[in-house]
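**Student:** give me the fold of what follows.
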Amino acid sequence: MAIKRIHHVAYRCRDARETVEFYRDLLGMDFQLAIAEDKVPSTGAPDPYMHVFLDAGQGNVLAFFELPNSPDMGRDENTPKWVQHIALEVESMDELLAMKQKLEDAGIDVLGPTDHTIFKSIYFFDPNGHRIELAANTAKPGMHKELKRVAEDMLEEWSRTKKAPRHAAWMHGETDFKPLDP
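**Tutor:** Numbers count the residues shown, from 1 in each chain. Predicted coordinates for the structure are as follows:
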């Protein structure tokens, strides 16, 4: 058995219409469908909701629940705001910069581009307070292969030390990247 892909990822929203308009009109995501129920299918609990689904490309679906009878949504106050985010890929740096301009023209504060060596990103918040990242890949040939090669070693070192391992110091500009087999 193998997982085929992410079927959908669901988050809560304050207002389903506002959320659909944001993702459809500003980010260009197709509004796929809406499901509304008065009871939760899995538990039978009476809790009306609207569940909306948006196409994030290549079969990936981003979904939201509006729960009008629940207390206002909050966030995990023990986790920094930059940690929990939804990252969406765009085709190129030109597209990333065009999206930044479009968002800023709509009055949205945008941070970046931030250079992560293998991609560059911009960050902003949706109307629900979810942090969104748009990323354009900028990796040179061999970079992903090298990161895959050192992944287990980095995880093992991190588990022991809780300090950033230096196996891929080239990502932080400490050394030049040299592919193993150019």
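
**Student:** who touches the longest helix along the chain?
**Tutor:** As assigned by DSSP state H, the longest helix anywhere in the chain is helix 143-161. Identification of contacts with helix 143-161 by Cβ atoms under 8 Å, 6 or more residues apart in numbering yields 117-118, 163-165, 167-168, 171, 177, 179-180. (Each C-beta comes from the backbone N, C-alpha and C, glycine too.)

**Student:** mind running it again at 6 Å?
**Tutor:** Contacts to helix 143-161, defined as Cβ atoms under 6 Å, 6 or more residues apart in numbering, come from residues 118, 165, 167-168.

**Student:** next one: stretch 38-55
**Tutor:** Residues outside stretch 38-55 that contact it (Cβ under 6 Å, 6+ apart) are 16, 20, 23, 29-36, 61-67.

**Student:** what mean pLDDT does the longest helix of the chain have?
**Tutor:** For helix 143-161, mean pLDDT is 96.

**Student:** if any of the contacts of stretch 38-55 are buried, put those into a ChimeraX selection.
**Tutor:** Only the buried entries of the contacts of stretch 38-55 go into this ChimeraX selection, using 16 or more other Cβ atoms under 10 Å:
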select :16,20,23,29,61,62,63,64,65,66,67
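
**Student:** just the contacts of stretch 38-55: which are in helices?
**Tutor:** Using DSSP H, the contacts of stretch 38-55 in helices are 16, 20.

**Student:** strands - which of the contacts of stretch 38-55 land there?
**Tutor:** Among the contacts of stretch 38-55, the residues falling in strands (DSSP state E) are 30-36, 61-66.

**Student:** okay, these in CSV with pLDDT next?
**Tutor:** Supplementary listing: these in CSV, determined by pLDDT from 0 to 100:
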residue, pLDDT
D30, 97
F31, 98
Q32, 97
L33, 97
A34, 98
I35, 97
A36, 97
V61, 97
L62, 98
A63, 98
F64, 98
F65, 97
E66, 98
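
**Student:** the residue nearest to R14 when sequence neighbours are not counted: neighbour count?
**Tutor:** Sequence neighbours aside, N128 is the residue nearest to R14 in space, at 5.3 Å (criterion: Cβ to Cβ, 6 or more residues apart in numbering). For N128, the count of nearby residues is 17 (other Cβ atoms under 10 Å).

**Student:** likewise A136?
**Tutor:** Neighbourhood size, A136 [other Cβ under 10 Å]: 19.

**Student:** the helix or strand harbouring it packs against which elements?
**Tutor:** A136 belongs to strand 131-137 when assigned by DSSP states H and E. The contact analysis (3 or more Cβ pairs under 6 Å, 6 or more residues apart in numbering; DSSP states H and E) places strand 131-137 against strand 85-90, helix 93-105, strand 119-125.

**Student:** what separation do you get for the closest residue in space to N137 that isn't next to it in sequence and M93?
**Tutor:** Closest residue in space to N137, ignoring its immediate chain neighbours: F119 at 4.9 Å, by Cβ to Cβ, 6+ apart. Look at F119 and M93: by Cβ to Cβ, to the nearest Å, they are 10 Å apart.
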